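*Asks:* Attaching a predicted model along with its sequence, questions to come.
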Amino acid sequence: MMILPEFDLLRPRSVDEAVAAARRTSGAFDYLGGGTDLLCNYKWGINANPTVISLRHIGELNERQGGSLGGGLTLAELEADEDFLHDFPAFRRTLARLASPLIRQTGTLAGNILVDTRCIWLNQSAFARRALGNCLKADGPECRVVKGSTDRCYANYSGDMAPVFMVYGAEIRLAGPDGERTLPLTEFFSLDGRTRNVKAPEEIVVALDLPGDARTLRASYQKFRVREAWDFPELAVAASARMDGDRIEELSLVASAVASIPLWMDEIAAKYVGRTLDDETIDAVAGDMFKASRPVRATLLPPGYRKHMVRVMTTRALREIRGDAVPVPAAAM
Amino acid sequence: MSKTLVTLHVNERAYEVAVRPQDTLALALRDGCGLTGTKVGCDLGTCGCCTVLVDGRPVLGCLTLALEVEGRRIETIEGLAGAERLHPVQKAFAECGGSQCGYCTPGFVMTSVALLRTNGAPSRDEIKEAIAGNLCRCTGYAKIVDAVEQAATELRQAGNEASPTTDAHRSGGSNDARLQGRRQPATARR
Ligand SMILES: Cc1cc2nc3c(=O)[nH]c(=O)nc-3n(C[C@H](O)[C@H](O)[C@H](O)COP(=O)(O)OP(=O)(O)OC[C@H]3O[C@@H](n4cnc5c(N)ncnc54)[C@H](O)[C@@H]3O)c2cc1C
Ligand code: SF4
Ligand code: FES
Ligand code: FES
């Protein structure tokens, strides 16, 4: 049995109450969504705090209106929402291949966007970590993956929903001590496996907003994982395009799970606007994505192989957007 | 941290249990309510051994805090069988060889019960998808899928699988009926 450390559990009923409670802790707290990520880290003894503030009893986080999705909605609720899946079809397979059906019952949208970065040196018991030597992210002086790094953690971003929201042009809505603010999801993440994003600790992810014109985009999410029943991505590629016949009018690309954040490849995408989506273009985009991805040894599979698979997954994503049939591993065993 | 006395509604019965904020539902059920049918395997969300139903949905008892489900309707493996008869899903697991060492079985059964309440005639692929979060090291899964298919057929023949207390198969007298109205305080022993 894994023992959870001691903590105080607060259960506020509104966003304002939760933010006020967070402020009273002087930063020594964590918000709790479904708990499917946080409680695992607590059981491993990774950066646990003495106060946990549950967001599960706040009705306003569960609101859903068109493309505006409350951060407290569970992944299972999104998976059951046929209108949402009809409008944004790339989420259908993303959700079906995200963790396991049991985890999706409680895992929330906000918790998924904010899922902690993962690393083979870190996601171990405290005993194993001590034996290996603690690292920068939890109680140690330097990174074990990129030796000598004392100011940046290279743990892997492993959330499946953010890359897809990014290529659909979503915004993230935050509420904190200074009120609400909204920013493009592409500007939300910041490149360090410890801090991960620009959110202030007390800020709550209230919702993800998808723009109305995202409904006319063609999008694809290609995830590569070790165990098809429930695993985190070893790498993933999300792409969306607006097509005029076979000509690319708009293109968005994300390489995910190859760095501490989902990588927004806007410069690569811009190069190909106006081009025909033929095999030659697809090969060129895939080659650029391959070159721009530099995974490190923070996950199970070797970085060289994951880098190679970025090319394969980009090719599949663009072919799917073009309307080709692409291989899709079954979700279950 | 100090313990709080909470009422957990499990299998249509109220249990008064003293829990600490960090106690999981699996722990509170096993140690607090004495309902040890719910198993704990990985304790990290991976194996599904600890699956119980909360308001009819299958959830992982090892990643749910007990305090978070205060006042919700919880169902565990102990609530399924009647006094003399197994629930059709349990019966099918026994008959098809869907259970060997048995450690994963309560989790599989609870996940399957939840599936069959929403989909009375699942395909083999739908069954595989529904149980993808439950791991079994003994059976090789084929017999588990057989069992869920057989249970689905039996439930369709017997009419709809309804809520535990109203199930047709329970007419022999269910645990719930027997215990209804009785309230037994229990205290977590940790
Ligand atoms: C076996 C297993 C397999 C998994 N596989 C996958 C996978 O394939 N893909 C994947 O993406 N994830 C996977 N996960 C991780 C996790 O289950 C999901 O990412 C899930 O969506 C997390 O949501 P949650 O609500 O449970 O998050 P929590 O654990 O509650 O929270 C995660 C983080 O978000 C913060 N948080 C939560 N909600 C808010 C909010 N509204 N505002 C501010 N902060 C908030 C918490 O403080 C915490 O830091 C897996 C987990 C397990 C145990
Ligand atoms: S990338 Fe480095 S600092 Fe980050 S968790 Fe892994 S070993 Fe630790
Ligand atoms: S014990 Fe809960 S999932 Fe393994
Ligand atoms: S019967 Fe032994 S683990 Fe499933």
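*Replies:* Received it, and whenever you're ready, just let me know what you need. Ligands and ions are numbered 1, 2, ... in the order given.

*Asks:* which parts of chain B sit against chain A?
*Replies:* Contact residues (Cβ under 8 Å from any Cβ of the partner chain) of chain B with chain A: B:1, B:20-24, B:27, B:40, B:43-46, B:48, B:51, B:57-60, B:62-65, B:67-68, B:111, B:125, B:128-135, B:141. C-beta coordinates here come from the backbone N, C-alpha and C atoms, glycine included.

*Asks:* out of the residues you listed, which are inside helices?
*Replies:* Members of the residues of chain B next to chain A lying in helices (criterion: DSSP state H): B:27, B:111, B:125, B:128-130.

*Asks:* Produce a ChimeraX select command limited to the buried residues of these.
*Replies:* For the buried members of these, the matching ChimeraX selection, counting by 16 or more other Cβ atoms under 10 Å in any protein chain shown, is:
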select /B:27,111,128,129,130
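
*Asks:* And A:Pro163, how close does it get to ligand 3?
*Replies:* 26 Å (Cβ to the nearest ligand atom, to the nearest Å).

*Asks:* my bad, A:Ala131
*Replies:* Distance from A:Ala131 to ligand 3, by Cβ to the nearest ligand atom: 24 Å.

*Asks:* for A:Ile261, same thing?
*Replies:* 28 Å.

*Asks:* ok, that residue - how many residues close by?
*Replies:* For A:Ile261, the neighbour count with other Cβ atoms under 10 Å in any protein chain shown is 21.

*Asks:* give me the element the residue in chain A that ligand 3 sits nearest to is part of.
*Replies:* Using Cβ to the nearest ligand atom, the single residue of chain A nearest to ligand 3 is A:Leu102, 7.3 Å away. Under the criterion of DSSP states H and E, A:Leu102 resides in helix A:101-106.

*Asks:* before we move on, back to that, mind checking pLDDT for the residue of chain A closest to ligand 3?
*Replies:* A:Leu102 is assigned a predicted lDDT (pLDDT) of 97.

*Asks:* Next, count neighbours for it.
*Replies:* 31.

*Asks:* now it: how far from A:Cys119?
*Replies:* 24 Å (Cβ to Cβ, to the nearest Å).

*Asks:* Report whether the helix holding A:Leu102 contacts ligand 1.
*Replies:* Yes: Helix A:101-106 is in contact with ligand 1 by Cβ under 6 Å from any ligand atom, via A:103, A:106.

*Asks:* Now that helix - C-alpha only, CSV.
*Replies:* This file holds the C-alpha atoms of helix A:101-106, laid out as CSV (Å, rounded to 0.1, in the frame of the first residue of the first chain):
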residue,chain,number,x,y,z
PRO,A,101,-11.6,4.7,-19.0
LEU,A,102,-11.5,4.5,-15.1
ILE,A,103,-9.1,7.4,-14.9
ARG,A,104,-11.2,9.4,-17.3
GLN,A,105,-14.1,9.1,-15.0
THR,A,106,-12.5,11.4,-12.4
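
*Asks:* Establish whether that helix and chain B are in contact.
*Replies:* Yes: residues of helix A:101-106 contacting chain B under Cβ under 8 Å from any Cβ: A:101-103, A:105-106.

*Asks:* Can you name every helix or strand that that helix contacts?
*Replies:* Here helix A:101-106 touches helix A:75-79, strand B:57-60, going by 3 or more Cβ pairs under 8 Å, 6 or more residues apart in numbering or on different chains; DSSP states H and E.

*Asks:* just the CA coordinates of the next helix or strand along the chain from it, formatted as PDB?
*Replies:* Using DSSP H and E, the next helix or strand after helix A:101-106 towards the C-terminus is helix A:109-113. Written as PDB, here are the backbone C-alpha positions of helix A:109-113 (Å, rounded to 0.1, in the frame of the first residue of the first chain):
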ATOM      1  CA  LEU A 109      -9.900  18.800 -18.100                       C
ATOM      2  CA  ALA A 110      -7.900  21.400 -16.100                       C
ATOM      3  CA  GLY A 111      -6.000  18.700 -14.300                       C
ATOM      4  CA  ASN A 112      -5.000  17.300 -17.700                       C
ATOM      5  CA  ILE A 113      -3.800  20.600 -19.100                       C
END
